[in-house]
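K.L.:
Can you look at this prediction? I've put the sequence above it.
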Amino acid sequence: MNPPRARVVPLPRRGALRRLVERAPAWVGVVVGTALVLLGIFIVMRPLTSLWVLAVYVGVSAIASGVIELVSPRDIPRAWNTIASSVWIVGGAVILVFLGGSLDLLPDVIAILLVVAGLAAAGGVFRGRVSERVLAAASGAAQVAFGVLALAWPDVTLLVVAVVFGVRTVIFGASLALRAARRVRGRSERIGQGPSSRRARIWGDVARFGLSLVLLATAAGSWGVSTWLQEGAPVVDAFYDAPDEPPSAPGTLLRDDAYTGRIPPGAEVRRILYSTTDSFGRRALASGMVIYPADRPPRALPVVIWNHGTTGVARGCAPSLMDSYATRWAIPSVNEAIERGWAVVASDYTGQGAEGVFPYLIGEGEARSSLDAVRAADQIEGLWLGDEVAVWGHSQGGHAALWTTQLAPEYAPEFDVVGTVALSPAADPLALAQQLGRSQGQAMLSVLISWVLVPYADTYPDVDVDDYVAPGGRALVREMTQRCPTEPGVIVSVLAALGVSADRPLYDGDLTTGALGERLAQNAATGPWDSPVLIAWGEQDEVIPAALYEQFVAERCAEGAALQIRRLGGEDHTGVMLPGSPLLQSMITWTQARFEGIPVTGDDCG
């Protein structure tokens, strides 16, 4: 399925250029036509590499088309033609002068030119045969529609426009070369044109009506696909909006309401919005979920902090927006936790649900969100939480769990963290980046890298996306972070990554060097941890190689940490936490022992 994009690209104006070439000697037509064929092939085969060529080509063509239309206007109202031509000239100048090397605004300018071209084409409805008027209206409507779609999907607009533009250039160049070649051989330069006849006019009308239907059907189909992709995106409701005045202290409950998704047996679930701090201690907002027994005992409930794994980095990717997040398929053994009288507090972290920067694999940001969520949950009316806290997490959440336990004595000393369970933890972001850098040709990995790079650049002023992304690729990378893996629109990100990978690596800088490498290393979860830590992973993990886990625990053990280690044969990255995992019952038993104050005897580092 092709994403909805500007399929009709009005640049360059072939009639204008053709008239210029046909007035020149025949050999000029052969040379120009051949050069255009080669240029079109280059643009099609190397879309990302040739974006700067495309920008120059589009800019020059837009200016030339505008000038030619001013001096030799088409059969449309003069004022309309003057306005459209002027916009083309200004748009071409903007592309050439103001865009520089980033090309971030190129999709927007192309979208504007498409809309203007559509409006100008629609001017043809005032004159000519009926079929010509219908075709003008259809062409104008289609180009306006594609211009709007180009604004909605900028990351793929560049690639699709490059391919479409390249194909049109190949066809146009071949046509020029063939016409010129016929002139060299002394043949007529007008191929297939004879005396006008009634039959020719009829077939011309049929062709125009047919082309009109194709244009309208393509525009309608693209619009329908775009609507379907956008409707599948999560909707952030007003619950997550920031209050008029920020609270004075982190961990303040701002609002809570009932969760409307699926609920575990015997449980109550509420969403919460609360205050917290980001990685630098600045005030921020976060959202989350609290799951607790409906029939609560007359005592303080032990707390399990659940740190969720990767769900994307956009605001709409918040787990508390999902219908099934409170089930055992999203939070391991949540049913058993409720049966034992525990409360489960699950933060979305900042930047998901509530506005802000999402701390993807940024330890202090994750940990502060999680600890403040417990503080806020304790303010829910009728809920009494204890000071004893166990910390669980999976994947990104495993990294967050280790950081939560590491930061708790300093940031939230009122809590007694009794133990930590890190499932398939992305504990060493630098080592993970080194692994991803060796495999970035895969489309989904390109998306995953964007989820690391962009939040780091938004968090740390010394990390710049441009230092690690190929020229012209920044818009693609930014757009990848605006979609969640559970929504249909992620197809667009994957298609964009595939289109780029066929040309050249999207990330041409070493992700493990410079400011990004230093910040990744800074966010490794290295402890110290003042309470027992259980680390588990599947030996068939397809996301984080088992060797990275082995390296991480070996380094921690060498530093003197006491770890409980579980290697699960046959389990993949998520299999360790899903129902049926052999780890879950022992995880519950292990956590229960920590709440009861039973000490861990020995460790597995030896």
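P.N.:
Great, that's in hand. Residues are numbered from 1 along each chain as shown.
K.L.:
And the residue nearest the centre of the chain, how far from Val452?
P.N.:
The centroid of the chain falls nearest to Met480 when counting by C-alpha atoms, centre = their mean (2.1 Å). With distances taken as C-beta to C-beta, to the nearest Å, Met480 is found 11 Å from Val452. Just so you know, the C-beta spots here come from the backbone N, C-alpha and C atoms, and that holds for glycine as well.
K.L.:
Leu402 now?
P.N.:
Leu402 is 17 Å from Val452, where distance means C-beta to C-beta.
K.L.:
between the two, which one's more packed in?
P.N.:
Under the neighbour definition other C-beta atoms under 10 Å, Leu402 and Val452 were set side by side, and Leu402 has more, 30 against 23.
K.L.:
Give the buried residues for the host helix or strand of that one.
P.N.:
For Leu402, the host element (DSSP states H and E) is helix 396-411. Of all the residues in helix 396-411, those buried under the rule 16 or more other C-beta atoms under 10 Å are 396-408, 411.
K.L.:
May I see these organised as a markdown table, with pLDDT and distance to Ala354 added?
P.N.:
Output for those, formatted as a markdown table (pLDDT from 0 to 100; distance: C-beta to C-beta, whole Å):
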| residue | pLDDT | distance to Ala354 |
| --- | --- | --- |
| Gln396 | 97 | 18 |
| Gly397 | 98 | 18 |
| Gly398 | 98 | 23 |
| His399 | 98 | 21 |
| Ala400 | 98 | 17 |
| Ala401 | 98 | 21 |
| Leu402 | 98 | 24 |
| Trp403 | 98 | 20 |
| Thr404 | 98 | 19 |
| Thr405 | 98 | 24 |
| Gln406 | 97 | 24 |
| Leu407 | 98 | 20 |
| Ala408 | 98 | 22 |
| Tyr411 | 97 | 19 |
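K.L.:
If we only consider these, which is nearest to Pro582?
P.N.:
Of all the buried residues of helix 396-411, Pro582 sits closest to Gly398, with 17.8 Å by C-beta to C-beta.
K.L.:
Leu423 is in contact with that closest one, correct?
P.N.:
Yes: if you go by C-beta atoms under 8 Å, Gly398 and Leu423 touch, sitting 5.5 Å apart.
K.L.:
Give the helix, strand or coil label for the closest residue to Tyr274 other than its chain neighbours.
P.N.:
Nearest-residue entry for Tyr274: Ala376, 3.4 Å, with adjacent residues in sequence omitted and distances by C-beta to C-beta, 6 or more residues apart in numbering. Under the three-state scheme (DSSP: H, G, I helix; E, B strand; the rest coil), Ala376 adopts helix.
K.L.:
pretty sure Ala376 contacts Ala249?
P.N.:
No: using C-beta under 8 Å, Ala376 makes no contact with Ala249, being 10.5 Å away.
K.L.:
more crowded one of those two?
P.N.:
Ala376 (27 against 10).
K.L.:
Which helix or strand contains the nearest residue to Val60 once chain neighbours are set aside?
P.N.:
Of all residues not flanking Val60 in the chain, Gly92 sits nearest, at 6.7 Å (C-beta to C-beta, 6+ apart). Using DSSP H and E, Gly92 maps to helix 78-97.
K.L.:
Closest one to Arg474 out of the buried residues of helix 396-411, please.
P.N.:
The closest of those to Arg474 turns out to be Gln396 (C-beta to C-beta; 23.8 Å).
K.L.:
all strands of the stretch 151-300 of the chain, in order?
P.N.:
For the stretch 151-300 of the chain, the strands defined by DSSP state E, counting those that start in this stretch occupy 253-258, 267-277, 283-293.
K.L.:
Please identify which of those is closest to His308.
P.N.:
strand 283-293 (9.5 Å).
K.L.:
thinking again about what came up before, mean neighbour count added to the strands of the stretch 151-300 of the chain, as CSV?
P.N.:
Converted to CSV, these look like this (neighbours: other C-beta atoms under 10 Å):
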stretch, mean neighbour count
strand 253-258, 16
strand 267-277, 23
strand 283-293, 26
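K.L.:
Put together a markdown table for these, with mean pLDDT and distance to Ser226 on each row.
P.N.:
Output for the strands of the stretch 151-300 of the chain, formatted as a markdown table (pLDDT from 0 to 100; distance: least, C-beta to C-beta, whole Å):
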| stretch | mean pLDDT | distance to Ser226 |
| --- | --- | --- |
| strand 253-258 | 96 | 32 |
| strand 267-277 | 97 | 30 |
| strand 283-293 | 97 | 29 |
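K.L.:
Gly29: which of these is closest?
P.N.:
Nearest of those (C-beta to C-beta): strand 283-293, 63.4 Å.
K.L.:
Would you give the sheet partners of that closest one, along with the direction of each?
P.N.:
strand 267-277 (antiparallel), strand 343-350 (antiparallel) (DSSP bridges).
K.L.:
so where's the stretch 401-550 of the chain shaky on pLDDT?
P.N.:
Applying pLDDT under 70 to the stretch 401-550 of the chain flags residues 438-443, 472, 495-504.
K.L.:
hey, where'd the strands end up in the stretch 451-600 of the chain?
P.N.:
Using DSSP E, counting those that start in this stretch, strands in the stretch 451-600 of the chain cover 533-538, 563-568.
K.L.:
and those, which is most packed in?
P.N.:
Mean neighbour count (mean count of other C-beta atoms under 10 Å) peaks for strand 533-538 among these, with a mean of 26.
K.L.:
before we move on, back to that, tell me which of the strands paired with strand 283-293 sits nearest to Pro599.
P.N.:
strand 343-350 (24.0 Å).
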